[in-house]
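Q: Generate a structure from the sequence data that follows.
(chains A and B)
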Amino acid sequence: MKFAPLILKHLRRNWFRTLSTVLAMAVCIFLICTLQTVVDAVNYGLHLGNASHLVTRHYVSLVFNLPNSYKNKIAAIPGVQNTTIVNWFGGMYRGDMKYFFPNMAVEPEAFLQIYPEIMLPEDQKQAWFHDGRGCIVGRKLAEKWSWKVGDHFQLESFIPPYRVGKPFDFIVDGIYDTDTVKYPGTDLSAMYFNYKYLYEATGQRAGIGTLTLLIDDPKNAGRISKAIDAEFENSDVQTKTETEQAFRASFIAMAGNLALLLNGIGLAVAFTILLVTANTMSIAVRERQQEIGVLKTLGFPSGLVMALILIEALLLGLMGGALGLILAGGAIHALPNVPFIGDVVRQFPGLGLSPKIVTYGLGAALLLGLLAGLVPALLAYRARITEVLRQV
Amino acid sequence: MSATEVATKTGAVSVQNVRKFYQRDSMQIKVLDGLNLEVPQGEFLALMGPSGSGKTTLLNLIAGIDRATSGRVVVAGTELGPLSEGELAKWRSRNVGFIFQFYNLIPVLNALENVELPLLLSPLSKRERRERAMTALRIVGLADRSKHYPRQLSGGQEQRVAIARAVVTDPTVLVADEPTGDLDAQSAEEILDLMQTFNQEFGKTIVMVTHDPRAAARAHVQRHLDKGVLTN
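A: Numbering: from 1, shown residues only, chains lettered A, B, ... in the order given. Now for the predicted structure:
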């Protein structure tokens, strides 16, 4: 502790350099922690997919729809217990993307049977089943816009086939909740409405975006998927059937590769910052050759001189790490409110800086500091008094 | 028997048949050649000689910041040759005070902190360290400048702080390398007065390298070095 003032005063000596080094470290830790948090959330979200759910879609891309006639054919395949169309509507509230929230056209009765996590009072369910323009909204969404049952609002889709020259009118028939313990990944910021409304409003041009299936046993998922895809193998429109988990993975930009990509970015940034910081530390120590010579002349052992420089580097790492974590915490907190990104991010349950990520971030910051300080500290350790003082 | 007692008996500094060579690429440069020097306890010795004569090298050997190629260097009762780097550092912190030509104060520390620096290696408490450092500053006449940073002091004041730093651990020997070389005449006189005070009133043995005859005149003994050999 008695050497603390010496270390701290050196850090304050060139405050601009210290600040820029700390900021560089902070950016690095911010990126690593934010990316890692998103990757963790994506992975967590993927595992929440129900193993009894399969999703069938156009073989080529989600952009293309399946013919409506496929629904009954798929429902007839052994092992399929229930089906619901789930079409991403892409509706904009108040005609502005910044107010965007997920909204899907579904088949109400089948949808609620397949997704028991969507919990509604019975009277609201019945109202929705019988109201062509009715919709249900999640509790968070309702609170955000102060919607009550019976309220009206309009959405206008940005997807060309669903643009019919005027906005779609909706009536809030129900506000759904969930059991967050049993179903932690449920999105309470979404809105669901009746597919029939979409089908009729578009002049019966709407097809099936995705068809979600409830199957009898998760063990049969492979067999049923193959059977469905085989059914349409020789038709004009082929299908791709996969588990809900796999579908989410592909939907979120191939999450498996996403983790690799994000970690790669994090590592590249960390390595760059390491080089910059190591260079900065080297310059700082080179400027202090005279002082190192003086300290050694006064009797400071080489090990102590080396330790002082390493502690200084670790402090830089610690400050950068702490600042980076604060920035990451702020960014992750703000992310759900960012237009577009927020809509995706809100799908991830429990998005936040976990103790694991905090430990990881601080560990990375300290490691960066240590590595950056190692070479200058070794140079100081090996510096011969007569040589460094002669250079003065 | 304490180091000081041994020093009284054997002299504060004893340099016996010391040789010092430097290797520059394939060339071996002879700096000191079988040099002998005895400095009794309490003596004020001035080492003079032309540039490259080996004055600073000899001073570095006495201060324990360089090692002889051969021969013995005994300072304050300790033979320095056999000491490890760590032992030598510890020995320096207790037995030698070094005064540089360019003061070499740490710019981020104020005068008091600079003087306190060598005491950080001692087991003294913070309060004791501060008291000792203030006493040293008081002796060199800079108690009122204790919070000033080196950049806020004149050259003469900086050198006085450096002297306070050199004496704060109460070393047996003070070594000074051109202590007035960077100062104006008046400041140089003040520094030499101060060194004389430490020699006469506090009994410090001083070995000073200088080019300045006026500085050398303050010493008890003047020795001349030329091409690594003492000529008088």
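Q: wait, what's in contact with A:Thr280?
A: Contact analysis of A:Thr280 by Cβ atoms under 8 Å, 6 or more residues apart in numbering or on different chains lists A:Arg17, A:Ser20, A:Thr21, A:Ala372. Where you see a C-beta, it was placed from the backbone N, CA and C, and this is true even at glycine.
Q: Which one of the residues in chain B is closest to chain A?
A: Chain A sits closest to B:Ser93 of chain B, with a gap of 2.5 Å, by Cβ to the nearest Cβ.
Q: ok so, going back, export the contacts of A:Thr280 to TSV and tack on distance to A:Pro116?
A: Compiled in TSV, those are given as follows (distance: Cβ to Cβ, whole Å):
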residue	distance to A:Pro116
A:Arg17	59
A:Ser20	54
A:Thr21	53
A:Ala372	53
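Q: Doesn't A:Phe170 lie inside a strand?
A: Yes. Counting by DSSP: H, G, I helix; E, B strand; the rest coil, A:Phe170 is part of a strand.
Q: How many residues are close by it?
A: Neighbours of A:Phe170 under the rule other Cβ atoms under 10 Å in any protein chain shown: 23.
Q: and it, what is it in contact with?
A: Neighbouring residues of A:Phe170 by Cβ under 8 Å, 6+ apart: A:Arg133, A:Gly134, A:Cys135, A:His152, A:Phe153, A:Gln154, A:Leu155, A:Met191, A:Phe193.
Q: give me the number of residues near the third one?
A: Read that as A:Cys135. A:Cys135: 25 surrounding residues under other Cβ under 10 Å.
Q: what sits opposite it in the beta ladder?
A: Residues in a beta bridge with A:Cys135, per DSSP bridges, are A:Val172, A:Phe193.
Q: In stretch A:209-217, which residues have enough neighbours to count as buried?
A: A:Gly209, A:Thr210, A:Leu211, A:Thr212, A:Leu213, A:Leu214, A:Ile215 (16 or more other Cβ atoms under 10 Å in any protein chain shown).
Q: ugh, wrong one, I meant stretch A:108-124
A: Quick answer for stretch A:108-124 (16+ other Cβ under 10 Å): A:Pro108, A:Ala110, A:Phe111, A:Leu112, A:Ile114, A:Tyr115, A:Glu117, A:Ile118, A:Met119, A:Leu120, A:Gln124.
Q: before we move on, the earlier item: with pLDDT and distance to B:Leu194 as added columns, please give the contacts of A:Phe170 in JSON lines.
A: As requested, the contacts of A:Phe170 are exported to JSON lines (pLDDT from 0 to 100; distance: Cβ to Cβ, whole Å):
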{"residue": "A:Arg133", "pLDDT": "93", "distance to B:Leu194": "98"}
{"residue": "A:Gly134", "pLDDT": "95", "distance to B:Leu194": "96"}
{"residue": "A:Cys135", "pLDDT": "96", "distance to B:Leu194": "91"}
{"residue": "A:His152", "pLDDT": "95", "distance to B:Leu194": "93"}
{"residue": "A:Phe153", "pLDDT": "95", "distance to B:Leu194": "88"}
{"residue": "A:Gln154", "pLDDT": "94", "distance to B:Leu194": "90"}
{"residue": "A:Leu155", "pLDDT": "94", "distance to B:Leu194": "88"}
{"residue": "A:Met191", "pLDDT": "95", "distance to B:Leu194": "86"}
{"residue": "A:Phe193", "pLDDT": "96", "distance to B:Leu194": "93"}
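Q: Kindly indicate the member of those residues with the most neighbours.
A: Most surrounded of those: other Cβ under 10 Å gives A:Phe193, at 28 neighbours.
Q: Can you name the residues that contact that one?
A: Counting by Cβ under 8 Å, 6+ apart, A:Phe193 makes contact with A:Phe89, A:Asn103, A:Met104, A:Ala105, A:Val106, A:Arg133, A:Gly134, A:Cys135, A:Ile136, A:Phe168, A:Phe170.
Q: Near whichever residue of chain A sits closest to chain B, how many residues? Count them for me, please.
A: For chain A and chain B, the shortest gap (Cβ to the nearest Cβ) falls at A:Gly299, measuring 2.5 Å. Neighbour count for A:Gly299, taken as other Cβ under 10 Å: 25.
Q: Could you pull up phi and psi at it?
A: Dihedral pair for A:Gly299: phi 110, psi 10, per degrees, to the nearest 10.
Q: Give the full set of residues in contact with the closest residue to it other than its chain neighbours.
A: Among residues not flanking A:Gly299 along the chain, B:Ser93 sits closest, at 2.5 Å (Cβ to Cβ, 6 or more residues apart in numbering or on different chains). When contacts are counted by Cβ under 8 Å, 6+ apart, B:Ser93 touches A:Leu298, A:Gly299, A:Phe300, B:Pro118, B:Leu121, B:Ser122, B:Thr169.
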